[in-house]
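Student: build me a model from this:
(one chain, ligands or ions: 1)
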Amino acid sequence: MTDLPGRRPPPIPDKAPTFRERIENLRHLGRLVAQIWRTSKPLTAASIGLRLISSLQPIAMLYVGKLIIDEVVRLSTGAHPGAGFGDWWASGELSRVILFLGIELALVIASDLLSRATGLVDSVLSELHSNTVSVELMAHAAKLDLMHFESAEYQDRLERARRQAAGRNALLSQMFGQAQDIITVVTLAAGLFFYAPWLILLLPLSFVPAIWGETRFNTLAYFMSRWRTPERRELEYIRYIGASAETAKELKLFGLGDFLIARFKQLAHTIYLENRDLSTKRAAWGALFSAISTLTYYGAYAFIVWRTITGDFTIGDLAFLSGSFLRLNGLFQKILLGFTQIAGQSMYLDDLFSFFEIEPTILSPVNPKPFPQPIQKGIVFDNVGFRYPDTEGWAIRNLSFTLKAGETLALVGENGAGKTTIVKLLTRLYDPDEGRITIDGIDLKAMRIEDIHAHVGVIFQDFIRYSLSARENIGVGRIAEQENMDLIADAAERSLADQVIAKLPQGYDQQLGRLFKKGRDLSGGEWQKVAIARAYMRDADLIILDEPTAALDAKAEAEVFSRFKSLAAGKTAVIISHRFSTVRMADRILVLENGRILESGSHEDLVAMRGRYAELFELQAAGYR
Ligand SMILES: Nc1ncnc2c1ncn2[C@@H]1O[C@H](COP(=O)(O)OP(=O)(O)OP(=O)(O)O)[C@@H](O)[C@H]1O
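Tutor: Residues are numbered from 1 along each chain as shown. Got it, this is the predicted structure:
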């Protein structure tokens, strides 16, 4: 299988970050440590403390080992007090060796306990940390603009950050382990330096090539993963539509299973081939570097053996030195590789922390003006123009109209005319690029965003079907009142959701949706009634329903709207609908085309004008005749 046409080329190695960039990425480690510390101070302190103690264990073990060997050699070559153990014991000659053996035993047991305790603390801490990161990610994502969620680039960044939230836990143990190894190295090197200083010089020879290799492959792996984020998201997406309740109906009827599987396989295969190549190269170079390191070790070992034969070192020294050298060699490599790995991981951390650096652009002013309550005059769109980020055309342009207080305004127009965009601007999910929107003369930008949202009840056509209880599904419309059963029941009654809920076996406590076993799914129209109740939860002056009745049957729609009209009396309302039976109830209708107003007036006015509206109305009416 080959690469999909039009896909991005594989990562370009020479685009690897410069040394400076890598060092700069290390700054994220400070943020990581701060985040870990925030997660749990006692556990972080415990992890560091336990490692500090463990770091002294290797030199202690080696030195006690040397003492044991030297003592054994002394005892075996000196005068024997007798043939049996009893004679040796009675002579007291064994006391030193027994003491050393006891110390070694204690060290081994302590080391085992320490490493288990460290593992325990680390695993608990890393799970807590992963939760902390997820919570901080969600909190930050909640602050971002709608624009960020509607842009593929930000979706990629969010996806990369999300992956890091769970994926970087090993870094925590690695960083602390690194500190532990450094202390061990210092103690071992001091011992080695005392006996044979120049042996230390041999060490770099064994690890420098390995470090070079690791750094290069880490960088490549990072870039590969970064490069492929869109494809990975696509894979996730295919996996999702291939196996979800929402898509099952269409997939079966259109017979899309094989199509999706083929697409998944092709994408996954491309990524697999790249990963396999990288892993193979990494393994081959790794084997070569490891051979160099082994050779160095045996060179040093041969030298120590020779000095022992010539009598410069005791047998105990031989064991101590060769042991130290072996440990040092291993540790040096581990530390330096650890550093490159940490540096490599810090590139991934960049994905995480740079997500936290994305700032929302839709902000509340420093000195906000209050949302007019009630709205006295109305809402004015004054020559408003808006273009979605990274798009060429204007979604709406030169748009001017007034929505008078207490008026019900309907927006009609073909798909893509700009109706939903007007609602997004009106609720400050986006800011206009040109012109301004005012409520009673106050610019929307002069008010607190939360204040605007609190006073506007809006239900979009793609409202969420929460897999929560019926009560919660309505309560989320005003989260502070989610326990207020009277308010919820009242909202349900207004939207006719009460009749839907009355039929549920567990009433308001019935879990909705089909995601969970005890959930009960609703029909499209029933869901809409529940969603509309959310808008009624707010005692909002401005109610916006963006195609809320599309799935309602004709009778239910007429009922919902006659209620809406009576309930909306005195309130300002915006309705978007493709059904003229709904639209005609509005006080005034704006007919939009390509983001501009084509016609405006009451149903009767517009029909009399015999323009676009009349044409569309006739078209739909003809369908019913
Ligand atoms: N997030 C977005 N990014 C880029 N372009 C967008 C985005 N959302 C909408 N558009 C474009 O802006 C224009 C207006 O879209 P809008 O959703 O306001 O239309 P609409 O009148 O509500 O349509 P419909 O009746 O289909 O709901 C369309 O050309 C659409 O393709």
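Student: which stretches of the stretch 301-450 of the chain form helices?
Tutor: 315-356, 419-426, 449-455 (DSSP state H, counting those that start in this stretch).
Student: show me the contacts for residue 387.
Tutor: 393, 394, 395, 433 (C-beta atoms under 8 Å, 6 or more residues apart in numbering). Where C-beta positions appear, they are placed from N, C-alpha and C, glycine not excepted.
Student: from the ligand, how far off is the residue found closest to the second one once you drop the neighbours it is linked to in the chain?
Tutor: What sits nearest to residue 394 in space, not counting adjacent residues and going by C-beta to C-beta, 6 or more residues apart in numbering, is residue 387, at 5.0 Å. From residue 387 over to the ligand the distance is 9 Å, taken as C-beta to the nearest ligand atom, to the nearest Å.
Student: hang on, the earlier thing: got the helices of the stretch 301-450 of the chain as JSON lines, with mean neighbour count columns?
Tutor: As requested, those are exported to JSON lines (neighbours: other C-beta atoms under 10 Å):
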{"stretch": "helix 315-356", "mean neighbour count": "20"}
{"stretch": "helix 419-426", "mean neighbour count": "22"}
{"stretch": "helix 449-455", "mean neighbour count": "16"}
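Student: residue 472 is nearest to which of those helices?
Tutor: Of all the helices of the stretch 301-450 of the chain, it is helix 449-455 that lies closest to residue 472, at 19.0 Å by C-beta to C-beta.
Student: which residues sit against the closest one?
Tutor: Contacts of helix 449-455 (C-beta under 8 Å, 6+ apart): 362-364, 368, 370-371, 373, 427-428, 444, 538, 540-542.
Student: which of these fall in strands?
Tutor: residue 542 (DSSP state E).
Student: tell me the one among the contacts of helix 449-455 nearest to the ligand.
Tutor: residue 427 (12.8 Å; C-beta to the nearest ligand atom).
Student: neighbours of the closest one, just the number please.
Tutor: A count of nearby residues for residue 427, using other C-beta atoms under 10 Å, gives 18.
Student: which residues touch it?
Tutor: By C-beta under 8 Å, 6+ apart, the contact list for residue 427 reads 452, 453, 456, 458, 544.
Student: go again with 10 Å.
Tutor: Residues in contact with residue 427 (C-beta atoms under 10 Å, 6 or more residues apart in numbering) are 146, 444, 449, 452, 453, 456, 458, 460, 542, 544.
Student: and what of residue 509?
Tutor: Each residue near residue 509 by C-beta under 10 Å, 6+ apart is listed here: 469, 470, 471, 472, 501.
Student: if we go to 6 Å?
Tutor: Applying C-beta atoms under 6 Å, 6 or more residues apart in numbering to residue 509 gives the contacts residue 469.
Student: which elements pack onto the helix or strand encompassing residue 110?
Tutor: If you go by DSSP states H and E, residue 110 is part of helix 95-143. For helix 95-143, the packing partners by 3 or more C-beta pairs under 6 Å, 6 or more residues apart in numbering; DSSP states H and E come out as helix 27-39, helix 41-55, helix 57-77, helix 152-167, helix 169-195.
Student: related to what we said a few turns ago, out of the contacts of residue 427, flag the one nearest to the ligand.
Tutor: residue 146 (8.1 Å).
Student: for that closest one, which non-adjacent residue is spatially closest?
Tutor: According to C-beta to C-beta, 6+ apart, the nearest residue to residue 146 is residue 429 (4.2 Å).
Student: residue 147 is in contact with the one you found, correct?
Tutor: No - using C-beta atoms under 6 Å, residue 429 is not in contact with residue 147; the gap is 8.2 Å.
Student: averaged pLDDT, stretch 426-441. What do you get?
Tutor: What stretch 426-441 shows for mean pLDDT is 93.
Student: check stretch 59-73 too.
Tutor: Mean predicted lDDT for stretch 59-73 stands at 92.
Student: so which bits of that stretch are buried?
Tutor: 59-71 (16 or more other C-beta atoms under 10 Å).
Student: how close does residue 424 get to residue 444?
Tutor: Applying C-beta to C-beta, to the nearest Å, the value for residue 424 to residue 444 is 12 Å.
Student: got a list of what the residue nearest to residue 376 when sequence neighbours are not counted touches?
Tutor: Spatial nearest neighbour of residue 376, excluding adjacent residues (C-beta to C-beta, 6+ apart): residue 440 at 5.3 Å. The neighbourhood of residue 440, defined by C-beta under 6 Å, 6+ apart, consists of 372, 376, 377.
Student: which among those end up buried?
Tutor: Using 16+ other C-beta under 10 Å, the buried ones in the contacts of residue 440 are residue 372.
Student: near the ligand, which residues of the protein?
Tutor: 150, 388, 391, 395, 413, 415, 416, 417, 418, 419, 420, 421 (C-beta under 6 Å from any ligand atom).
Student: include pLDDT when you put those into TSV, please.
Tutor: Converted to TSV, the residues of the chain next to the ligand look like this (pLDDT from 0 to 100):
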residue	pLDDT
150	83
388	91
391	86
395	92
413	89
415	87
416	88
417	90
418	91
419	92
420	91
421	93
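Student: farthest pair in the residues you listed?
Tutor: 150 and 413, at 20.6 Å, using C-beta to C-beta across the residues of the chain next to the ligand.
Student: okay, now the domains of this structure?
Tutor: Residue ranges for the domains of the chain, per automatic domain parsing: 29-356, 378-463+541-624.
Student: quick one, strands of the stretch 351-500 of the chain?
Tutor: Ranges of strands in the stretch 351-500 of the chain, per DSSP state E, counting those that start in this stretch, are 378-386, 396-404, 408-413, 434-439, 442-443, 456-459.
Student: got a quick PyMOL command for the buried subset of the residues of the chain next to the ligand?
Tutor: Here is the PyMOL command that selects the buried residues among the residues of the chain next to the ligand (16+ other C-beta under 10 Å):
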select buried, resi 388+395+413+417+418+419+420+421
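Student: tell me the one among the residues of the chain next to the ligand nearest to residue 298.
Tutor: Ranked by distance to residue 298 (C-beta to C-beta), those are led by residue 150 at 62.0 Å.
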